[in-house]
Each structure stands twice: as structure tokens, then as C-alpha cells.
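**Q** Sharing a sequence plus its predicted fold:
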Number of protein chains: 2
Amino acid sequence: MKFTPDALIGQGVDGVDTPAACIDLDAMERNIERMAGFARRHGLRWRPHAKMHKSAELALLLTQAGACGHCVQKLSEAEALAAGGVRDLFISNEVIAPHKLLRVARLAAELAARGGRLAIAVDSPEGIARLAQAMDGAGSEAGIDVFVEIDVGQGRCGAAPGPEAAALALAVAAHPRLRFAGLHAYQGGAQHLRGVDQRRAAIAHAAQAAAATRALIEAAGLVAPLVTGAGTGTMAHEAASGVYGELQAGSFLFMDADYAANEPDAAQPAFEQALFIKTQVISVRAQHAVCDAGHKSHAIDSGLPLLHGLPPERALRYANGGDEHGILHPASAAARLPALGESLWLIPGHCDPTVNLHDRLIGVRGGLDHGVVERVIRVDARGAVT
Amino acid sequence: MKFTPDALIGQGVDGVDTPAACIDLDAMERNIERMAGFARRHGLRWRPHAKMHKSAELALLLTQAGACGHCVQKLSEAEALAAGGVRDLFISNEVIAPHKLLRVARLAAELAARGGRLAIAVDSPEGIARLAQAMDGAGSEAGIDVFVEIDVGQGRCGAAPGPEAAALALAVAAHPRLRFAGLHAYQGGAQHLRGVDQRRAAIAHAAQAAAATRALIEAAGLVAPLVTGAGTGTMAHEAASGVYGELQAGSFLFMDADYAANEPDAAQPAFEQALFIKTQVISVRAQHAVCDAGHKSHAIDSGLPLLHGLPPERALRYANGGDEHGILHPASAAARLPALGESLWLIPGHCDPTVNLHDRLIGVRGGLDHGVVERVIRVDARGAVT
């Protein structure tokens, strides 16, 4: 009466039940090498964003490859990864609830005791005061690294660059338990600007805003040790800026259809698709077929999935069939429908929320056609939204 | 180091960490009474679709209220609910993989041994043959109820109404272990047609197609015991048709913004919103605020969430802030921004995939403003997509 198979390891990929989130391990490892090499060549730290993969196992693999630590977006993600052995974490987001800030303080103490550290972002005087109060009340000597988040163009969280942000930096530094660690300057809105020139211009603006804010802070006598930011769509531009010291890109590990739709940029590493949804055709009608993967299997916030690896005479277009189904149409007049029972591979529109739908990722070695399941990767922080 | 609180029961709703999927239990129970009363007045069976709530606890509550059984869309959902004590299940979908059909056969035997039953849908001769083979090979005397799915206008799965479907019914009946149970005739595409007249016309067409197919089958000497279908958006029309004997509506339990956007229909029960996402304001900027619920907390396939219960001077509009954030704008020039740390309630765009993001639902008694957590409802089949 269990709804998940016990052990897939060693099975051929043919035996993987559908729909399933599968990782092409060879492709993923090449992506890690590309990222590590890029950071090394630019002399930059990289702290990949674990909001994408949400897995302690993958975080530790990235640490082995040279990552200096990991970003998360939520406290509960940090707790789940820490429970899985990750020791250096940055909550790149604001935490405001007092009971949550007590958990932040406890986690900071626990990571410090294990030789690691916790960092967090702030964007308001009230947020700093609440964080300081929680750190004071935690009954531990541990401190916490605090980054002032600045809004470098996304229009979401973050203080205005310039005097507002500089004042926050000084407020952080005034508290003995808070270590001012620098500026968090992520331009999320630039990641999927389609044109290379658009992305370059957006990051030039972000870097200029971060540099000006840092200059103000340093003019006030405070050292701003680091500017951290960058995503998979723009990291070459942050790297070239001379302003950013740390890259937060996370999607490079798996990639998705939305990133693939960006105009290619020769300055960026050529990451390849590593996350696929295996699906099966469960109904074939006169003009269309239906597969068993709908948007409970892959997130559609950034568009519908693409079909992977089909030759022109079998090319298909995926149309929305609701939560549990995909509608498959021939992609051209010459293409034919798939057969009942046939397995197909989807490239999700957006990797992060797709991974968050799955309790585990099936790691395949040797390619999608004839590979073998080598590892089943637990998504430790799946559903960790608090 | 756990990312979920241990026990919320008895706490005030103020203490519920955000974001969280909360159920207004009073509203939910009124919805159940409305549904049970509607079915009773029309002399119809109701078999609510558990693809929406995915919870054995809620399924058993609905059984107590008069539901004859439960629909699911996936085998793994059926297995999860059966493990939670549910005994009468209809997989309203096609299952094609032979290893899955063996699990179907095992589940049919197990439910029969517990005094229950399993039903499944088919829409092809190959699907019937594979199901029959699995049932023969399962080493049990148990049978399975089989509905022939017909496409009554949605254009997804389902045989064409008329001779194609009638031939499938005869093929089912020819196999001793398969019990022909009738027609599955769900018009999913009609549920969110905005106008009452559009919905009525779509269901008139569906009912006519089902009636004509049933007549063909009965002319061939086979009894078609039941036509099953209907959703929360159209059930009054299936009920009035005289063709449908069973209603599958599931969303009535929680409702969502997409259903609320339909033109009201006096013939339908007036279901009310019972599912809410509690969220907190984590950043307040000059022109907008940011809350901690993005589309990892609520599905946006059917639109963005609405803010619940705010007076005009505080009315807000939710804009997409990505996976972990919502952007809040004043809904009018006269409205003001919320305060940092303030709690707000969202009405999700679409209930089914929103529930599927959460491992548990927080059941609140006594209203969202001052209520108390009465039960924490496990979403047993969360992520059960296979």
C-alpha cells in the first residue's frame, strides 16, 4: 500500500515509474565542473542557491566541488539542510516573525558549534532590531553574519541603494552580536531578460548601485567585506563587474526551458539540461495523445515543458492538460503521434518549483535512453516554505 | 533542526507559522452539508474527487457525511488513501503500465477483502486487454469495476461517444474479472466556462452524448449501471440531466479564486471559501510590500491569489513575486500598504495543486481572525503523481 517504490538503485531507467523527476547525473556533473571552473578562473567564491535543489546531498556534493557554502530562501530550508550536514548557510531573505528569529539564533549557535556559520539578509531598521533582540535572547555567544539587501532593479525586497542601505549597514555594525558581512545585491528580474544586451545592462546598473553603496559605507568608516548576488542567467556579467565577490547561481545545476529560451551568451558557461520528467502516454486519440504528467509533476509558472530528444518525424508539442495530464500534439504536419504506453521525457519550464513538487529525484547514470539508476536523491527541504 | 512545528493543536491561529495552508473548518463543514443536501435532494450518489484534498482523514469525513466513495486520478493516490482506511475508490483515469496494473489488481483484491471495492477507467482496447491480463495474473478471485471513459467535450482522454465507446463496453463485459460499471463522462473543460449559459450548454451536450452511448450499449444487451461525472462548476446541470447518477465534484470542499470568478448560478449550492494561505509581510518599500508566500505556497496555474477580508482602505492586489514572495500593491489610490510583520490571508487561484504543495493542512475552528487550531490534517497523497 505504499505509493513509492522501495529501491530503484541499479534498475534500468526503463523501470522508473512515471511521472518521475530524473537527473542525468553525467550532465549535472559537467554543469558542476563548468561552474567550479568559471568561479576559479574569475577568482570568485560561489555559494549556489539551494532553493533550487533543496537537497543536503547535492549541497554537500557542491561543497566538495568548491562551493564556499549555500544560499537558502527560507529558514526552514536552512534547518532542513543543516539537519543533513550542511554547515555554511546564508538565508538570502528577510525574516521578521520573532518566533522565527529565535530559531535563526538557535541555528546560528548550532552551526557555529559545528565550525560553520549562518548569515541572513535584512532590509529595514525594524528587521535589524528584531534580529538583534533574538540573538541577545538566545543564550549563546554565537554571532551571525548580516548582509544588507539592496534592491538593484528587481523591485521586490531590499533597501534603496545609497544612503538608506548605508544607514542599515551602520545599524547592523552597531550591534555586538551582528557581524556586518556586506551587501546582498541579487537582480532576479534580470535572469530571464531574453537579450544578452538587456541582461548586461541590467547587471551593469546593479553593480554600479552596489559599488556606490559600498563606497558610502566605507566612507563612513565601515568595511563592507563582500557583495554577493548573481544568477544562472547573468553570472558572467556580475563576474566581470569587479564588484561582486560571490556568485549565488543555483539553476545551473539542472537548467530548464526558461533559461534555454535566453539568447545565448558566449561569456556564460554552456550549462546543459540535467532535469527531466519521465512520462508515459496513457491515451491516444484521433488527433492527439495524452501523457501522465501534468502540473502536479512540473511547475508551469514559467511556461509549459518541452519534449526532449525526439527526431523531427516524431516531434511533439505539449499543451496544458491540467494537474495530472499533458496533451501532446504533433509538432508539424509530417510528425506522428506517439504510441500508447510509450515513455517520453519532458524539460520543465522552471526547475526550482518543479523540484519542490517531488520528494526525491532519480539520479540516472549513462544517459536517459539506456542508463541505470545510480542514486535516489532526497529533496530534504521539499515543502519547506516557512 | 526540524522544519515543521511539532504540535499546533489548541494554539491560537496567531501562532501558526507562515506561509501555511489553513482550512476554515466551519466553512468546510458548511460546504459538506450543502453538498450532502444537494445530492440527497436530487437522489444522486456523490463520490467526491480526492485529487483535490488528497487526505484520508477528509475522505473518511466525507464518507460519514454520505459520500458513497471517492475518486482519485492516480494509482498512487488510491494506494495512499487505502492505507489511510478508505475502502471504496475509483481511479477515474487510464492506467497503462503493466507493473502499475499489477498494483491495481493487488489493490482491488485488498479492498475487496476489506469489504470495499476498486473501480478504474479505460478508453482503449489495449488498456482493457492489459487490465484483464493483470487481473488474471494477480492470483486473486477479486474483480474490478470498469468504467468506459468517454470524451464529452474536454478533448483529453476518453473514447468517442457512440459506437467506439459501446464496443469498449462490450469488450470489458467479455472478460470475467472485469465488471462493466458504466460510463465515466466528466466534462472538465466546462467547469470554468464563466457564463452560466455556457456551462449549461456544455453539460447538455455531455449528457446527450452519454445518454446516446448508454442507449447503444443497452441495445446490444448490456446494462450500463451508472453514468458518473460532474464537477463543482457544473454539478447542478448534470444533476438536472436525468442521465448522471453520481457526482464527482471535489473542489466544493475548499473552493478557490478560479471557481469564485464563475458567473453565479442559482441552481448550484452556494459553496464558500474554506482554504486560505496565511502569509506575513516581510518587507515594506516605498510603493509596495512583500509577503512570504510565493508560488511554492500556492499554485498559480489558474491565476494569482486574492487577498481575503481586507476593508477598502487596506485592500491589496497580489502580484507575482516568484517562488517565495508575493508583491502587494494598494488596490486603489486610497488604500494603504500593510505594516511590516502583519499577517494576511490569501485565497489561492486553484485549490487542487495548492493542496499538493503542502504536507499538512491546519484546520482552524472559530474563524480566521481569532480561531484556534483544532486539527492538523495530513495530506496523505501529497506528491502521489504516479
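**A** Okay, I see it.

**Q** backbone phi and psi for the single nearest residue of the stretch 51-200 of chain A relative to chain B, please?
**A** Closest contact between the stretch 51-200 of chain A and chain B, by Cβ to the nearest Cβ, is at A:S76 (3.6 Å). C-beta: built from backbone N, CA, C; applies to glycine. For A:S76, the backbone dihedrals are phi -60, psi -30 (criterion: degrees, to the nearest 10).

**Q** tell me the pLDDT at it?
**A** Per-residue pLDDT puts A:S76 at 98.

**Q** go on, A:D6?
**A** What the model reports for A:D6 is a pLDDT of 52.

**Q** hmm, back to that, from A:V379, how far off is the residue of the stretch 51-200 of chain A closest to chain B?
**A** Per Cβ to Cβ, to the nearest Å, A:S76 is found 13 Å from A:V379.

**Q** Those two: which is more packed in?
**A** When A:S76 is set against A:V379 and neighbours are counted by other Cβ atoms under 10 Å in any protein chain shown, the residue ahead is A:V379, at 23 against 20.

**Q** Three-state assignment for A:L102, please.
**A** At A:L102 the chain is in helix, as set by DSSP: H, G, I helix; E, B strand; the rest coil.

**Q** so the nearest residue to it once chain neighbours are set aside is in which element?
**A** Leaving aside its sequence neighbours, A:L102 sits nearest to A:A134 (Cβ to Cβ, 6 or more residues apart in numbering or on different chains; 5.2 Å). Using DSSP states H and E, A:A134 falls within helix A:125-137.

**Q** Spit out the contact partners of the closest residue to A:D265 other than its chain neighbours.
**A** Sequence neighbours aside, A:V196 is the residue nearest to A:D265 in space, at 4.6 Å (criterion: Cβ to Cβ, 6+ apart). The neighbours of A:V196, taking Cβ atoms under 8 Å, 6 or more residues apart in numbering or on different chains as the test, are A:E263, A:P264, A:D265.

**Q** If you rank these by neighbours, which is first?
**A** A:D265 (18 neighbours).

**Q** Show the contacting residues for A:A181.
**A** A:A119, A:D145, A:V146, A:F147, A:P225, A:L226.

**Q** And for A:I96?
**A** Applying Cβ under 8 Å, 6+ apart, the residues contacting A:I96 are A:E126, A:G127, A:R130, B:Q280, B:V281, B:I282, B:L340, B:G341.

**Q** quick one: buried residues of the longest helix along chain A?
**A** Looking across chain A with DSSP state H, the single longest helix is helix A:196-219. In terms of neighbour count (16 or more other Cβ atoms under 10 Å in any protein chain shown), helix A:196-219 has its buried residues at A:196, A:199-200, A:202-203, A:206-207, A:209-214, A:216-217.

**Q** Assign A:A249 to helix, strand or coil.
**A** coil.

**Q** Quick check: residues of the stretch 1-150 of chain A near chain B?
**A** Contacts of the stretch 1-150 of chain A with chain B, taken as Cβ under 8 Å from any Cβ of the partner chain, map to A:1-4, A:15, A:17-20, A:51, A:73-77, A:79-80, A:82-83, A:93-97, A:99-100, A:107, A:110, A:123-124, A:126-127.

**Q** if we go to 7 Å?
**A** A:1-3, A:17-19, A:51, A:73-74, A:76, A:79-80, A:82-83, A:93-94, A:96-97, A:123-124, A:126 (Cβ under 7 Å from any Cβ of the partner chain).

**Q** Any quick ChimeraX command for the buried ones out of those residues?
**A** Selection command for ChimeraX covering only the buried members of the residues of the stretch 1-150 of chain A next to chain B, criterion 16+ other Cβ under 10 Å:
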select /A:3,17,18,19,51,73,74,76,79,80,82,93,94,96,97,123,124
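
**Q** out of the residues of the stretch 1-150 of chain A next to chain B, which are inside helices?
**A** Secondary structure from DSSP H places A:S76, A:E79, A:A80, A:A82, A:A83, A:E126 of the residues of the stretch 1-150 of chain A next to chain B in helices.

**Q** Identify the farthest-apart pair in the residues you listed.
**A** Spatial extent of these (Cβ to Cβ) is set by the pair A:A83 and A:E126 at 29.7 Å.

**Q** Write out the residues of the stretch 201-350 of chain A neighbouring chain B.
**A** By Cβ under 7 Å from any Cβ, the residues of the stretch 201-350 of chain A that approach chain B are A:280, A:282-283, A:290, A:295-297, A:300-301, A:321-325, A:327, A:340-341.

**Q** What helix or strand is A:G349 located in?
**A** Using DSSP H and E, no helix or strand contains A:G349.

**Q** Does A:A121 touch A:V95 like I think?
**A** No. Using Cβ atoms under 7 Å, A:A121 makes no contact with A:V95, being 8.5 Å away.

**Q** Between those two, which has more neighbouring residues?
**A** More crowded of A:A121 and A:V95, by other Cβ under 10 Å: A:A121, with 27 against 24.

**Q** Verify the assumption that that one is located in a strand.
**A** Yes. According to three-state DSSP, A:A121 belongs to a strand.

**Q** In space, what's closest to the residue most central in space within chain A - neighbours in sequence excluded?
**A** Against the mean C-alpha coordinate of chain A, by Cα atoms, centre = their mean, the closest residue is A:M52 at 3.0 Å. Closest residue to A:M52 apart from its sequence neighbours, by Cβ to Cβ, 6+ apart: A:G250 at 3.9 Å.

**Q** before we move on, the earlier item: identify, from the ones in helices among the residues of the stretch 1-150 of chain A next to chain B, the entry nearest to B:V152.
**A** A:S76 (43.7 Å).

**Q** what's near enough to touch that closest one?
**A** By Cβ atoms under 7 Å, 6 or more residues apart in numbering or on different chains, the contact set of A:S76 is A:A381, A:A384, A:V385, A:T386, B:F3.

**Q** just A:G195 next, same as before
**A** A:E263.

**Q** A:A202 versus that one, what's the distance?
**A** Distance of A:G195 to A:A202, computed by Cβ to Cβ: 10 Å.

**Q** Need the overlap of contacts for the two.
**A** Between them, A:G195 and A:A202 have no joint contacts when contacts are counted by Cβ under 7 Å, 6+ apart.

**Q** Dihedrals phi and psi, A:G383?
**A** Taking degrees, to the nearest 10 as the convention, A:G383 sits at phi 80, psi 0.

**Q** give the contact list for it.
**A** A:N356, B:L357, B:H358, B:D359.
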